[in-house]
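[1] Give the three-dimensional model of this entry:
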Amino acid sequence: MIDLVDKLVKYKDLSEEEFLYLLDNQNDFSEKLFKESRKITNKYFKNKIFVRGLLEISNICKNNCYYCGIRRDNKNVKRYRMSKENILKSVQFASDLGFKTFVLQGGEDPYFTDEILVDIIKNIKKISPNSAITLSIGEREYNSYKILKESGADRFLLRHEAASNELYKKLHPEEMSLSNRKKSLKYLKELKYQTGAGFMVGAPYQENKDLVKDLKFLKNLNPEMIGIGPFISQHDTVFSKEKNGSVDLTIYLLSILRIMFPNANLPATTALATLSENGRVRGIEVGANVFMPNISPDFAKENYNLYDNKLYTNMECAENLETLKSNFKKIGYEIVMDKGDFVQVD
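    Below you'll find the predicted structure:
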């Protein structure tokens, strides 16, 4: 019988039963899995780590996701919304440092209408004409995505969070639906955004069979970017007492995703670094090729708390770029400041 790792490398996919076996027996496959994902990463990216400037534009959100620290019903959050002037000032700062990709992330804040976002996007392109703009601002209508794309947005991150409908319902209030989330991702793909999806690892109620559904959903969607990170509880949420997700399982899944999507952009997330001092390095060693230093003003960094103990100082900050480059160089990797577009290969 063909080894499951060999089969995954060959076909970039497995049956649900095979994926489940792979997840249920990590100790049996991890060594070979990591070896293969490292080989694939080296083939497509060498030792390059693409850097994106992360700008957290608002912690105001109309949604009430049970796991999220900036959920609508959390009255203990110090709310903020960045002005256009602050956003452009932050972009100018990052552009001067050499950044070529800017990620505008925020809660689903109704203030940011198409008109306001189009104005911001066009002004960012004036500051840095050859840059890439990534939006991560949630579910919108098709025409909204279309308008933003036509104004200059290049990429869109929208984590699906859970591809199992049963699990999605346990993590979100009734007014939110997995079908609508999937519809939004479908719109983004149709509009030719470089599209990012992803999920939490170790979310409350999550089982390996749910993670299998995530892997199969991503295979069908075929996104250009995939962001995963361990679930981390937040003290003002429904799940404040739940245990955090596993760093080891997150690393294992990153390795699987690198084999499934050889040329996709996979970030080494802040959540990984928050739970483990060497979590980000471990993620990079098995296939992550993107790192997003924070270019937000201090008031935003301090209050955009999706989960507890989020890192937002030292290596998370764009101000420390030179130290960051030096640290990555010590472990054999090179920080690359260009756009790092997704490139389709056979």
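
[2] where are the low-confidence patches of this structure?
    For the chain, the stretches with pLDDT under 70 are 1-2, 308-309, 311-319, 345-346.

[3] any chance you could map the helices in it?
    Ranges of helices in the chain, per DSSP state H, are 4-11, 16-24, 26-45, 84-97, 114-127, 142-151, 165-171, 178-190, 208-221, 247-260, 270-275, 279-286, 298-303, 321-330.

[4] Minimum distance to residue 159: which of those helices has it?
    helix 178-190 (8.8 Å; Cβ to Cβ). Where C-beta positions appear, they are placed from N, C-alpha and C, glycine not excepted.

[5] Turn the helices of the chain into a markdown table, including mean neighbour count.
    Compiled in a markdown table, those are given as follows (neighbours: other Cβ atoms under 10 Å):
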| stretch | mean neighbour count |
| --- | --- |
| helix 4-11 | 16 |
| helix 16-24 | 16 |
| helix 26-45 | 17 |
| helix 84-97 | 17 |
| helix 114-127 | 16 |
| helix 142-151 | 16 |
| helix 165-171 | 18 |
| helix 178-190 | 17 |
| helix 208-221 | 19 |
| helix 247-260 | 23 |
| helix 270-275 | 24 |
| helix 279-286 | 22 |
| helix 298-303 | 16 |
| helix 321-330 | 14 |
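
[6] Those helices: which one's closest to residue 78?
    helix 298-303 (4.9 Å).

[7] check contacts around the nearest residue to residue 44 once chain neighbours are set aside.
    Leaving out its chain neighbours, the residue that sits closest to residue 44 by Cβ to Cβ, 6 or more residues apart in numbering is residue 263, at 5.0 Å. Neighbouring residues of residue 263 by Cβ atoms under 8 Å, 6 or more residues apart in numbering: 44, 342-345.

[8] likewise residue 177?
    Applying Cβ under 8 Å, 6+ apart, one finds that residue 177 lies in contact with residue 168.

[9] Could you tell me the backbone phi and psi angles at it?
    The phi and psi torsions at residue 177 (degrees, to the nearest 10) take the values phi -140, psi 150.

[10] Renumber starting at 46 from here on
    All right, first residue 46 from here; so that's residue 222.

[11] Return the distance of it relative to residue 213.
    Distance, residue 222 to residue 213, using Cβ to Cβ, to the nearest Å: 8 Å.

[12] Repeat that for residue 90.
    Applying Cβ to Cβ, the value for residue 90 to residue 213 is 32 Å.

[13] Equivalent analysis for residue 310, please.
    Going from residue 310 to residue 213 by Cβ to Cβ gives 24 Å.

[14] again with residue 379
    Separation of residue 379 from residue 213 (Cβ to Cβ): 39 Å.

[15] Find the nearest non-adjacent residue to the spatially most central residue of the chain, please.
    Nearest to the geometric centre of the chain sits residue 272, at 3.2 Å (Cα atoms, centre = their mean). What sits nearest to residue 272 in space, not counting adjacent residues and going by Cβ to Cβ, 6+ apart, is residue 243, at 3.7 Å.

[16] Straight-line length of stretch 188-208, end to end?
    Start-to-end span of stretch 188-208 (Cα to Cα, to the nearest Å) is 25 Å.

[17] Can you tell me the number of residues neighbouring the residue nearest to residue 272?
    22 (other Cβ atoms under 10 Å).

[18] and it, what is it in contact with?
    Going by Cβ under 8 Å, 6+ apart, the list of residues near residue 243 reads 202, 204-206, 270-274.

[19] longest strand in this protein, by residue count?
    When the chain is parsed with DSSP state E, its longest strand is strand 239-246.

[20] between it and helix 223-235, what angle do the directions make?
    150 degrees (axes from the mean of the first three to the mean of the last three Cα atoms, to 10 degrees).

[21] Check the burial of the spatially closest residue to residue 241 that is not a sequence neighbour by counting its neighbours.
    In this structure, residue 241 finds its nearest non-sequential neighbour in residue 270, 3.2 Å apart by Cβ to Cβ, 6+ apart. For residue 270, the count of nearby residues is 22 (other Cβ under 10 Å).

[22] Count the neighbours of residue 277 for me.
    Residue 277 has 24 neighbours, counted by other Cβ under 10 Å.

[23] was I right about it contacting residue 316?
    Yes. Contact criterion Cβ atoms under 8 Å: residue 277 and residue 316 qualify, at 5.7 Å.

[24] what is in contact with those two at once?
    Shared contacts of residue 277 and residue 316, defined by Cβ under 8 Å, 6+ apart, comprise 352, 355.

[25] mind listing what residue 63 touches?
    Residue 63 is in contact with 49, 52, counting by Cβ under 8 Å, 6+ apart.

[26] do you know how far it is from residue 56?
    Residue 63 sits 10 Å away from residue 56, going by Cβ to Cβ.

[27] Residue 259 too?
    According to Cβ to Cβ, residue 259 stands 18 Å off from residue 56.

[28] now residue 188
    Distance of residue 188 to residue 56, given as Cβ to Cβ: 38 Å.
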